[in-house]
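K.L.:
predicted model and sequence below, questions to follow.
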Amino acid sequence: MGAMNAEELAKYKGVFVFAQQVDNVLSGISFELVGEGKRLAEKLGTEVTAVLVGSDVSGLVDELAAYGADKVIVVDDPELKNYRTEPYAHALASVINEFKPEIMLVGATAIGRDLGPTVSARVQTGLTADCTGLDYDVEAGNMVWTRPAFGGNLMAMILCPDNRPQLGTVRPGVFKKPELVEGREGTITREDIHVAADQIRTKLIERIEEVAEAVNLEEAEIIVSGGRGVGSEEGFGVIRELADVLGATVGASRAAVDEGWIPRAHQVGQTGKTVGPKLYIACGISGAIQHAAGISGSDCIVAINKDPDAPIFDVADYGIVGDLFTIIPIMIDQIKKVNA
């Protein structure tokens, strides 16, 4: 991959985001990326453009505009109904080659982790994966991508100075969804990009929905999480009870998941889900750096731990030292009295 010259680099302008949709419903990361894309675009004195790929997805354009997209490029084709690497990569690479964005953001979802690297190879640029921080060095004209490295023990800042677009996948849940402005309008461009069915090497035979508890930690406003201190699968009963009275979602540390006390879908942290709720209650979680990194976007963190030296207290806004099995039932009683 050769470096571009200054003239070639100058042709690339604007901030583009991949607006992921599944079953014609926009994913939460799409709005998070529009919000961050807009922040970067304002720094660059440019606009944020959402790229919407799918089949019969025109009805989603207004929602993207309402969340801040200045422009929406729509690639609509029956072969794009369900995500498959080849047709989606062809669609996004074609848009990049035609419109030449300086920056391209993709969500680090199961789809984005597949799509991003494929597209970066096709358009011959670098990719910074799983970013948790985005900034732009106006003087140098480069994105500064920040991502965890070495298991979250340090943060790496990565540049792509010699090629465009500057492409990165962004971890869901790190950035807040912007405010919805009803009636806000954006410009729509429809791209006539088609992939012949015989050119696609994969065929979707059947979609099997995983029969598992639905856990949407990234968009939860309140999360009650249990760690090693919960002690057992049965111990999570009190965690679930507290979550029920608060209307919260149940989370867990990696230690609790590795013990088999709760399914992996509940895992919060570096190797789980990064979350940013209004309230995060950590119960019996020591607060290793990997977990702390995953909850840093929370507005308020409450920690309950019987070890007064537990690292979780360093990141908590409120700390309660004591046995969670004594403290949580008292909390539940008090909440019930308030709700009565």
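P.N.:
Arrived safely, thanks for sending.
K.L.:
check the separation of the first and last residues in stretch 274-287.
P.N.:
End-to-end span of stretch 274-287 (Cα to Cα, to the nearest Å): 14 Å.
K.L.:
mind listing what's buried in it?
P.N.:
Counting neighbours by 16 or more other Cβ atoms under 10 Å, one finds that the buried residues in stretch 274-287 are 274-277, 279-287. (C-beta placed from N, C-alpha, C; glycine too.)
K.L.:
any idea of the mean pLDDT for that stretch?
P.N.:
In this model, stretch 274-287 carries a mean pLDDT of 95.
K.L.:
now swap in stretch 217-234 and tell me
P.N.:
Mean predicted lDDT for stretch 217-234 stands at 94.
K.L.:
return the set of buried residues in that stretch.
P.N.:
Buried residues in stretch 217-234, defined by neighbour count with 16+ other Cβ under 10 Å: 217-220, 222-231.
K.L.:
still on that earlier bit, can you put the buried residues of stretch 274-287 in a markdown table and add distance to residue 76?
P.N.:
Conversion of the buried residues of stretch 274-287 to a markdown table gives the following (distance: Cβ to Cβ, whole Å):
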| residue | distance to residue 76 |
| --- | --- |
| 274 | 32 |
| 275 | 33 |
| 276 | 32 |
| 277 | 35 |
| 279 | 40 |
| 280 | 39 |
| 281 | 44 |
| 282 | 44 |
| 283 | 47 |
| 284 | 49 |
| 285 | 45 |
| 286 | 49 |
| 287 | 47 |
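K.L.:
nearest to residue 64, of these?
P.N.:
For the buried residues of stretch 274-287, the residue nearest residue 64 by Cβ to Cβ is residue 276; the value is 20.9 Å.
K.L.:
and the end-to-end length of stretch 308-319?
P.N.:
Using Cα to Cα, one end of stretch 308-319 lies 9 Å from the other.
K.L.:
now residue 26. Nearest residue, chain neighbours left out?
P.N.:
Beyond its immediate neighbours in the sequence, the residue positioned closest to residue 26 (Cβ to Cβ, 6 or more residues apart in numbering) is residue 60, lying 5.5 Å away.
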